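Colleague: Kindly generate the corresponding structure for this input.
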Amino acid sequence: PSEWEDKSEVDTYEEPMVLGTIISPAEYMSTILELCHDRRGEQRSIENIDQTRLNIQFLFPLNEVVTNFFDELKSVTSGYASFDYEDAGYQPSDLHRMDLLLNGNVIHELSTICHASKLRLRAKAVVFKMKNELPRQ
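Modeller: Numbers count the residues shown, from 1 in each chain. From the prediction side, this is the model:
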């Protein structure tokens, strides 16, 4: 993140994407759709495999899948869902570098890159954790 170029110097930022396939009992469809939309997924298809199971396909940013997605999917489906993904290339994305300031100085080691839609939540989470972990001076 420390070598991340400013938006004025770059035409577009591209993010790696994956095509995710979820096979799950039909009763968990609403919770799966909510989880996938929270992870910036774009719904591609929903097909019935048989009377009780669904095949759901979403296009996800790779970053959203590798950070705890499978654990959350297993949690919301009581362990019944399976998940597989494959490379789907790159897509333009609204990415930003989030810098953490400590006493007015940028701490490059704590900088991270995230999507604009998650920037505020991630910043709040980092500040909350730092407030609880660092002793008051």
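
Colleague: now the strands: where do they sit in this structure?
Modeller: Under the criterion DSSP state E, the chain carries strands at the ranges 13-25, 42-48, 53-61, 82-93, 95-102, 105-115.

Colleague: What pairs with the shortest one, parallel or antiparallel?
Modeller: It refers to strand 42-48. Partners of strand 42-48 in the sheet, by DSSP bridges, are strand 53-61 (antiparallel).

Colleague: angle of the partner strand against strand 13-25?
Modeller: Per axes from the mean of the first three to the mean of the last three C-alpha atoms, to 10 degrees, the angle that strand 53-61 makes with strand 13-25 is 170 degrees.

Colleague: The chain should start at 9 in everything you say after this.
Modeller: Sure, I'll start counting at 9 from here, so that last one is strand 61-69.

Colleague: Run the angle between strand 61-69 and strand 113-123 for me.
Modeller: Going by the same axes, to 10 degrees, strand 61-69 makes 140 degrees with strand 113-123.

Colleague: who's in contact with strand 61-69?
Modeller: If you take C-beta atoms under 8 Å, 6 or more residues apart in numbering as the criterion, strand 61-69 is touched by 23-34, 37, 40-41, 44, 47-57, 77, 93, 96, 101, 123. Yep, even glycine has a C-beta here, placed from its N, CA and C like the rest.
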